[in-house]
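Engineer: This is a predicted model, with the sequence first.
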Amino acid sequence: NKTARELLEKYPPLERTFIVLARDVVKTAPWGLMWRVGIGALLSIVDITTDVIVMYNFYIQSRMQYFRYTAVSLAASITLQLIFALIQHRERAPKDLALEIFFICTCLKAPWDAWKVAVGIRKQKGATVDSMTELSFDKCIELFAEGIPGVIIQASAIIADLGKGVSYTAIFSIVISAVTSGFTSSQISFDFDTDPAKRAENPDFYGYIPDGGGKRTLLFVTMTLNPAVMLLIKSMAVSLLGLTKPLFLGLYFVVDIVLFLALKAARDDLIYWPPIGGWPGIIISFIIRIIGKLINDFTAIAQFRHPNEVGGAMWSFSVVVTVVMLFASLHVAKGKLGAAEMEMLWTTGFVLTGVAALTMYTFLSNINREFLHTFFSLETGGDMTARKFRTLEEEGLKAAAVFNKSPTQWKKIRDEVKDFVWSNWERWIEEKPAWFDQQMRSRIPRDMIPTLEEARRYSSRRLQSLDLELGLGGQRSGFKVFPHDLEPAFQEENGKTSPRSSKAAQELLAIARRG
């Protein structure tokens, strides 16, 4: 809204006030933040409980293979959460890290993360990422190591028992597991998109969910059902191939992941976005890229179309591949299973595909249309970082766009970032804006930090350059520039001038106002 933007530019404190009010409204809405994180935390606990019950049933039925697979998935989930906690809280006090480890080991990490988000803890001091991102990371770990494997294991057990008859308990259990994973996927995407701060810092990506309550509810339901159905489709395909062509299944996953990583590397988009340097950053990037790829392939989670994740084009491609893989696996299984079992599987496949198509159509037809392109975009994480840095006007958001990311994401615009820092460093030191805290300073590369004398000289040269660029004579020797001096330049710019001159005029006017 142009009027609202002008108001916020004139009265900057209003922006923070509106964000706080909006967040409170979202929290108390029928599908508000507190409801979603609370229900999500409850479902996570229920899912863990059902996993334990399923594991116990496998044990008493002497199906030790399935029992071991389930136990390994639970152990992997806890282990990965511990590793992430060590990375996330490595700069915090030992007692804080110990508390996080306690909640992980007691399987209460989900409600603990949900509580932090619900009470408005934006980011804990010393944490690597904010509380919302931490909640999403932990939920993704649960999906990768527990939710998705749990559905695959149960699907394999059901298909193996088709000839003997499948109990309603087994069907109910796998449906609950799939819906729980779908809810988790929906919660991640929904919370990121409706977060006012996310929309402010990346308005070209976040905002596809309409503001109307009815459409929001409809989208949340479809965003829950579609990932759940996609998970059942992919798990059914994987289970069929695992039972009939296990070698082919293993080869498929290896080739698929290698090609994905190679594509990311070729586009200079392999290193993940958190500012973790050196070999730890490289190793973590490989792990997270593989985990993200697998989660997206199984759930088609909308948030993963983000350029920092798999990207829009890859997101859409994986949806098509999942459906094709289901019917290819059914074709491969032909002759390996009985006619009655195959008829049942084909019927199930068509039903699931129909529901997936319906929910996907409902979802895409009800989002804000201007964001439809993000589901097919070829933009990389580095491209997005550069775009945000160049288009965002608020200095704190511009700084966060680059310095809260890995340097590899903004190496193409490094000179622009250095110019931004050197042009404003002296003023930041004097004015001490809230965003310019110790943590933000620590993330600015040391070779980009000027001394005060260097900053003054650079500002002087930059001012003279802008002065000449705007045709004001370049005769000023000091720092003072007055707004009335710029009137001729702005009049000329209202005609035909390059974007560079327009940007220069705005920059020089800002210097004049600081006076």
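Structural biologist: Arrived safely, thanks for sending.

Engineer: per-residue pLDDT, the residue most central in space within the chain?
Structural biologist: Compute the mean C-alpha point of the chain, and by C-alpha atoms, centre = their mean the closest residue is residue 303, 5.4 Å away. At residue 303, the model reports a pLDDT of 95.

Engineer: contacting residues for it?
Structural biologist: Neighbouring residues of residue 303 by C-beta atoms under 8 Å, 6 or more residues apart in numbering: 136, 188, 189, 192, 193, 309. Glycine gets a C-beta too; all of them are placed from N, C-alpha and C.

Engineer: Let's see if you can find the most crowded of those residues.
Structural biologist: residue 188 (28 neighbours; other C-beta atoms under 10 Å).

Engineer: mind checking the SS state of the residue lying closest to it once chain neighbours are set aside?
Structural biologist: Distances taken as C-beta to C-beta, 6 or more residues apart in numbering put residue 136 closest to residue 188, at 4.8 Å, once the chain neighbours are dropped. Recorded secondary structure, residue 136: helix (DSSP: H, G, I helix; E, B strand; the rest coil).

Engineer: Now do the contacts for residue 136.
Structural biologist: 188, 191, 192, 303 are the contacts of residue 136 under C-beta under 8 Å, 6+ apart.

Engineer: Turn the residues you listed into JSON lines, including secondary structure.
Structural biologist: Output for the contacts of residue 136, formatted as JSON lines (three-state DSSP):
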{"residue": "188", "secondary structure": "helix"}
{"residue": "191", "secondary structure": "helix"}
{"residue": "192", "secondary structure": "helix"}
{"residue": "303", "secondary structure": "helix"}
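
Engineer: Looking at those residues, which is nearest residue 235?
Structural biologist: Using C-beta to C-beta, residue 188 comes nearest to residue 235 of the contacts of residue 136, at 19.4 Å.

Engineer: Isn't that closest one up against residue 138?
Structural biologist: No - if you go by C-beta atoms under 8 Å, residue 188 and residue 138 don't touch, sitting 10.4 Å apart.

Engineer: the bottom helix or strand of the chain by mean pLDDT?
Structural biologist: helix 487-493 (a mean of 45; mean pLDDT, DSSP states H and E).

Engineer: got the contacts of residue 136 as a markdown table, with distance to residue 74 columns?
Structural biologist: Output for those, formatted as a markdown table (distance: C-beta to C-beta, whole Å):
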| residue | distance to residue 74 |
| --- | --- |
| 188 | 21 |
| 191 | 26 |
| 192 | 27 |
| 303 | 25 |
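
Engineer: Quick check: the farthest pair among these?
Structural biologist: Taking C-beta to C-beta, no two of the contacts of residue 136 sit farther apart than 191 and 303, at 8.9 Å.

Engineer: Low-confidence stretches in this structure?
Structural biologist: 1-38, 40-41, 452, 455, 458-515 (pLDDT under 70).

Engineer: Beyond whichever strand or helix holds residue 101, next helix or strand please.
Structural biologist: Assigned by DSSP states H and E, residue 101 belongs to helix 94-105. Next helix or strand after helix 94-105 toward the C-terminus (DSSP H and E): helix 109-118.

Engineer: Extract the C-alpha trace of that next one and format it as PDB.
Structural biologist: This file holds the C-alpha atoms of helix 109-118, laid out as PDB (Å, rounded to 0.1, in the frame of the first residue of the first chain):
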ATOM      1  CA  LYS A 109      11.800 -30.100  22.300                       C
ATOM      2  CA  ALA A 110       8.800 -29.400  20.100                       C
ATOM      3  CA  PRO A 111       6.600 -27.900  22.800                       C
ATOM      4  CA  TRP A 112       9.600 -26.000  24.300                       C
ATOM      5  CA  ASP A 113      10.300 -24.400  20.900                       C
ATOM      6  CA  ALA A 114       6.600 -23.700  20.400                       C
ATOM      7  CA  TRP A 115       6.500 -22.000  23.800                       C
ATOM      8  CA  LYS A 116       9.400 -19.700  22.900                       C
ATOM      9  CA  VAL A 117       7.700 -18.700  19.700                       C
ATOM     10  CA  ALA A 118       4.200 -18.300  21.300                       C
END
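
Engineer: can you give me the angle that helix makes with helix 94-105?
Structural biologist: Interaxial angle of helix 109-118 relative to helix 94-105 (axes from the mean of the first three to the mean of the last three C-alpha atoms, to 10 degrees): 130 degrees.

Engineer: Who are the packing partners of helix 109-118?
Structural biologist: Contact analysis of helix 109-118 by 3 or more C-beta pairs under 8 Å, 6 or more residues apart in numbering; DSSP states H and E lists helix 33-60, helix 94-105, helix 131-142 as its packing neighbours.

Engineer: Would you map the strands across the protein?
Structural biologist: Per DSSP state E, the chain carries no strands over any range.

Engineer: Mind naming the longest helix for it?
Structural biologist: Of all the elements of type helix in the chain, the one with the most residues (DSSP state H) is helix 213-244.

Engineer: Mind listing what's buried along that one?
Structural biologist: Across helix 213-244, burial judged by 16 or more other C-beta atoms under 10 Å covers 216, 219-244.

Engineer: Packing partners of it?
Structural biologist: helix 148-160, helix 168-194, helix 246-266, helix 278-299, helix 312-333, helix 339-366.

Engineer: so which of those helices is the most packed in?
Structural biologist: Highest mean neighbour count of these: helix 148-160, a mean of 23 (counted as mean count of other C-beta atoms under 10 Å).

Engineer: got the contact list for stretch 341-348?
Structural biologist: Under C-beta under 8 Å, 6+ apart, the answer for stretch 341-348 is 159, 162, 163, 236, 240, 330, 333, 334, 337.

Engineer: Present the residues you listed as JSON lines; the columns should include distance to residue 175.
Structural biologist: Output for the contacts of stretch 341-348, formatted as JSON lines (distance: C-beta to C-beta, whole Å):
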{"residue": "159", "distance to residue 175": "15"}
{"residue": "162", "distance to residue 175": "17"}
{"residue": "163", "distance to residue 175": "21"}
{"residue": "236", "distance to residue 175": "13"}
{"residue": "240", "distance to residue 175": "19"}
{"residue": "330", "distance to residue 175": "20"}
{"residue": "333", "distance to residue 175": "22"}
{"residue": "334", "distance to residue 175": "26"}
{"residue": "337", "distance to residue 175": "22"}
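
Engineer: out of these, who's nearest residue 449?
Structural biologist: Nearest to residue 449 among these, with distances taken as C-beta to C-beta, is residue 236, at 55.4 Å.
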